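Participant: fold the following.
(one chain, ligands or ions: 2)
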Amino acid sequence: MHPKIDTMTTNRTFTMLKPDAIENGHMGKIIDMIINAGFQIKAMKYTKLSVAQAQEFYAVHSERPFYGELVEYMTSGPIIAAILEKENAVTDFRNLIGATDPAEAAEGTIRKYYAENKGRNAVHGSDSDENAAIEGEFHFSSSEIF
Ligand code: IDP
Ligand code: MG
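Facilitator: Ligands and ions are numbered 1, 2, ... in the order given. A predicted model of the protein is given here:
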C-alpha cells in the first residue's frame, strides 16, 4: 500500500493580539515580529469580542475552571484579529508565540517577551489547520481577506 500523503495542510493560521497586548502597547512590536518571521497578513482588524463571541470562540474550554475568567479577560478590551499566511503557518506560528505559560515559553518567543502570565498571554494562535479555517471565518468575511 502507498503511504497516505497528507494533502490537507494549508498555509494559513489565525491569530488574535489579546487585550493585555493592546493595553500594554505591545501590538506594534508583536506585529513586527510576525512580519519579520515571514508571515503575510491576509486580513486584520481592530475589534472587540462580545461575551457571546468569546464564549463561542473558546467553547472547547467551557468545562475548564478558567473558562469564566478567560471570557471576562478576552472581552475586557479590544483585540487585533488577523489571518496570516506562510508555509507551515500553524506550526511555525505556534513556535513563534511559545508555550501557553510565559514561564515555560522559549527565549525569543512572543509570549516570552510580552505575556504577563498563563491567562494574560498576549497572543492566540490556532492549533490546527482545521481550527485556523474555522477561526478565520469566525472573524472575517471573504471580502476582508486579501
Ligand atoms: P493556547 O492559547 O496556548 O492554545 P489553550 O490551552 O488552548 O492555550 O488555552 C486557551 C487560552 O486560555 C490560553 O491562551 C490562556 O489565555 C487561557 N488559559 C489556559 N490555561 C489557563 C489557566 O490555567 N489559567 C488561566 N487561563 C488559562
Ligand atoms: Mg489553544
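Participant: C-alpha only now, for contacts and for neighbours.
Facilitator: Noted.
Participant: and whichever strand or helix holds residue 53, what other elements does it pack with?
Facilitator: In this assignment (DSSP states H and E), residue 53 forms part of helix 51-57. For helix 51-57, the packing partners by 3 or more CA pairs under 8 Å, 6 or more residues apart in numbering; DSSP states H and E come out as helix 67-74.
Participant: mind listing what's buried along the helix it packs on?
Facilitator: By neighbour count, and taking 16 or more other CA atoms under 10 Å as the criterion, the buried residues in helix 67-74 are 67, 70, 71, 73, 74.
Participant: just for this protein, where's the confidence low?
Facilitator: 1-10 (pLDDT under 70).
Participant: what number of residues lie near the closest residue to residue 26 other than its chain neighbours?
Facilitator: For residue 26, ignoring the flanking residues on the chain, the nearest one in space by CA to CA, 6 or more residues apart in numbering is residue 114 at 7.2 Å. By the criterion of other CA atoms under 10 Å, residue 114 has 22 neighbours.
Participant: residue 118 now?
Facilitator: 14.
Participant: is stretch 39-59 up against ligand 1 anywhere?
Facilitator: No. With CA under 6 Å from any ligand atom as the criterion, ligand 1 is not reached by stretch 39-59; the gap is at least 7.2 Å.
Participant: let's see that stretch as PDB, backbone CA atoms only.
Facilitator: Backbone C-alpha positions of stretch 39-59 (Å, rounded to 0.1, in the frame of the first residue of the first chain) are rendered in PDB as follows:
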ATOM      1  CA  PHE A  39       4.100  35.800   7.700                       C
ATOM      2  CA  GLN A  40       2.000  37.700   5.300                       C
ATOM      3  CA  ILE A  41      -1.000  39.500   6.700                       C
ATOM      4  CA  LYS A  42      -4.100  38.300   4.700                       C
ATOM      5  CA  ALA A  43      -6.700  40.000   6.900                       C
ATOM      6  CA  MET A  44      -6.500  42.200  10.000                       C
ATOM      7  CA  LYS A  45      -9.000  44.100  12.200                       C
ATOM      8  CA  TYR A  46      -9.100  46.100  15.500                       C
ATOM      9  CA  THR A  47     -12.200  44.900  17.200                       C
ATOM     10  CA  LYS A  48     -13.700  43.800  20.500                       C
ATOM     11  CA  LEU A  49     -15.300  40.400  21.300                       C
ATOM     12  CA  SER A  50     -18.800  40.300  22.700                       C
ATOM     13  CA  VAL A  51     -19.300  37.900  25.600                       C
ATOM     14  CA  ALA A  52     -21.300  35.600  23.300                       C
ATOM     15  CA  GLN A  53     -18.400  35.700  20.700                       C
ATOM     16  CA  ALA A  54     -15.800  34.900  23.300                       C
ATOM     17  CA  GLN A  55     -17.900  32.100  24.800                       C
ATOM     18  CA  GLU A  56     -18.300  30.600  21.300                       C
ATOM     19  CA  PHE A  57     -14.600  31.100  20.300                       C
ATOM     20  CA  TYR A  58     -13.400  29.300  23.400                       C
ATOM     21  CA  ALA A  59     -16.300  26.800  23.700                       C
END
